[in-house]
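# how does the following fold in three dimensions:
(one chain, ligands or ions: 1)
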Amino acid sequence: MDKLVIEGGKPLSGSIRIHGAKNAALPIMAASLLADGEVTLHNVPHLLDIEVMLYILERLGCTCRHEQGTVTIDTSSIRSYDVPEDLMKQMRSSIFLMGPLLAKFGQVSVYQPGGCAIGERKIDLHLRGLEALGASIEELDQQIICRGRKLVGTDIHLDFPSVGATENIMMAAVTAEGTTTIFNAAREPEIQDLQHFLNAMGARIIGAGTDTITINGVEKLKPCSYEIIPDRIVAGTVMIAAAATRGNVTLTHCNPAHLTSLIHVLKRTGVQITVCNDIMTVSCMSRPKSVDRIVTSPYPSFPTDLQSQIMVLLSLADGFSVMKETVFEGRFKHVDELNVMGADISVDLNAAFIRGVPRLYGATVEATDLRAGAALVIAGLAAQGKTVVEQVHHIDRGYDRIEKLFQSLGASVERQSPVSKQLDFAN
Ligand code: UD1
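Numbers count the residues shown, from 1 in each chain. Okay, here's the model as predicted:
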């Protein structure tokens, strides 16, 4: 497994272009199945999760290419609606294939994506939504078979504004007969991006970005060419890293409107942020101040996907902060690792209590999941001395070569691959 070796303590400085959003690209790639022919997607990041999704699409019979940020998916030869168990277990986002395959074939078979490092992550809201559209669900141990030759639009009330359930229902309902309305829908920017993409293929959807989404069913969709939005979580990670290292960084090709809750929190810590269209500059010249309380919850509130990263900044802040996690139940795995680096954080159920320390110290730590891993990289960049972050494959799921990203901002970060892997590359 790869490791990152970081010599910390250098303020980040320079300019960086933000890549396309993983969480927008994955459902959009799945939604491409709804069209017959070749869909072209631009600004698709080079990430492990994207490669897994392309591999699954190929296993279903599609022909796919990914070159320099552009993905093409030709669905003309798709022949299967069975998503293999090994691939379902590799990536939770394979659940996005349910809605489009059900809409296309009237049947889909998937497997429970299973729990993961950040919590239980059930799919009951996905299944109930598809059932409400008229599908029957059969659960055989780990396999889930969903049948529905004729889906019919209806009103669907989500108990919780789940991002994935909202997207799956949108994709299934797009060719259903009549009108589907999703109430208490998730409002994340990635859902708006999915709406724009589906509409570009001929769907008739309004309301994404609000809590009520209306989908008027259409007969069929046609292929299109589409550009994915910038990744707000990658942008947020860079902003926090700039602040934690007391640096000065300009982000280009980002969407500041998607980051208002983070901008608000960073300003409260004393970080300076200037915004001009899709360019943002973040600078921090003195020790950040603590923030009495941050609560993660669905968009537009503070994102759970930036919780671990902001905790690094609060660890270095002057004063005492409280972080409450309300979206996932197991998302404080980075706390023990940060404490190894000298942080002073205690956890009680879903709240973390952070007493700021003047500095962190380099140590060997382990990335337990994607965003926890990103947080440890930030901690390593800000810390005094050498940090080794292990299990980097988690980070590769969501950041395109994170070491190159931070090297371009002046950081000293190197990736170390096991010898066997280096030989693989050589071949
Ligand atoms: C998406 C994002 C992920 C982000 C999360 C919350 C993608 C690919 N991933 O994940 O990065 O952290 O939104 O912003 O877009 N839940 C249920 N039943 C369900 C579905 C969800 O109980 O059927 C619960 C989950 O266990 C979790 C909460 O709802 O506690 C939020 O999950 P959800 O919004 O669905 O997140 P994902 O779509 O999995």
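# residue 50 against residue 22, yeah?
Yes. With contact defined as Cβ atoms under 8 Å, residue 50 counts as touching residue 22 (6.8 Å). In short, each C-beta sits where N, CA and C put it, glycine included.
# how about the residues of the protein near the ligand?
Counting by Cβ under 6 Å from any ligand atom, the positions of the chain adjacent to the ligand are 23, 26, 93, 119-126, 160, 162-165, 186, 190, 304-305, 327-328.
# give the helix, strand or coil label for residue 88.
helix (DSSP: H, G, I helix; E, B strand; the rest coil).
# gap between the nearest residue to residue 23 once chain neighbours are set aside and residue 406?
Sequence neighbours aside, residue 190 is the residue nearest to residue 23 in space, at 4.7 Å (criterion: Cβ to Cβ, 6 or more residues apart in numbering). To residue 406, residue 190 is 24 Å away according to Cβ to Cβ, to the nearest Å.
# now residue 110
37 Å.
# residue 255 against residue 234, yeah?
No. With contacts counted by Cβ under 8 Å, residue 255 stays clear of residue 234, the gap being 11.5 Å.
# that older thread, which of the residues of the chain next to the ligand fall in helices?
23, 26, 124, 125, 126, 163, 164, 165, 190 (DSSP state H).
# would you reformat those residues as JSON lines and include pLDDT and distance to residue 340?
Supplementary listing: those in JSON lines, determined by pLDDT from 0 to 100; distance: Cβ to Cβ, whole Å:
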{"residue": "23", "pLDDT": "97", "distance to residue 340": "30"}
{"residue": "26", "pLDDT": "97", "distance to residue 340": "32"}
{"residue": "124", "pLDDT": "93", "distance to residue 340": "37"}
{"residue": "125", "pLDDT": "96", "distance to residue 340": "37"}
{"residue": "126", "pLDDT": "96", "distance to residue 340": "37"}
{"residue": "163", "pLDDT": "97", "distance to residue 340": "32"}
{"residue": "164", "pLDDT": "96", "distance to residue 340": "33"}
{"residue": "165", "pLDDT": "97", "distance to residue 340": "37"}
{"residue": "190", "pLDDT": "98", "distance to residue 340": "33"}
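# phi and psi next, for residue 348.
phi -130, psi 110 (degrees, to the nearest 10).
# okay, and the beta partners of it?
With DSSP bridges as the criterion, the beta-bridge partners of residue 348 are residue 351.
# now do the helices in the stretch 251-400 of the chain.
Ranges of helices in the stretch 251-400 of the chain, per DSSP state H, counting those that start in this stretch, are 260-268, 307-315, 334-340, 370-382, 393-396.
# so for residue 208, which of the ones you listed sits nearest?
helix 260-268 (17.7 Å; Cβ to Cβ).
# low-confidence ranges, the stretch 201-350 of the chain, go.
Along the stretch 201-350 of the chain, no part satisfies pLDDT under 70.
# let me fix that: the stretch 51-200 of the chain
114-116.
# looking at residue 255 and residue 234, which is more packed in?
residue 234 (26 against 17; other Cβ atoms under 10 Å).
# check contacts around the more buried one.
18, 19, 21, 398, 399 (Cβ atoms under 8 Å, 6 or more residues apart in numbering).
# doesn't residue 55 belong to a helix?
Yes. With three-state DSSP as the criterion, residue 55 is part of a helix.
# number the chain from 36, please
All right, first residue 36 from here; so that's residue 90.
# which of the residues of the chain next to the ligand count as buried?
With neighbours counted by 16 or more other Cβ atoms under 10 Å, those contain buried members at 58, 61, 128, 156, 158, 160-161, 197-200, 221, 225, 339-340, 362-363.
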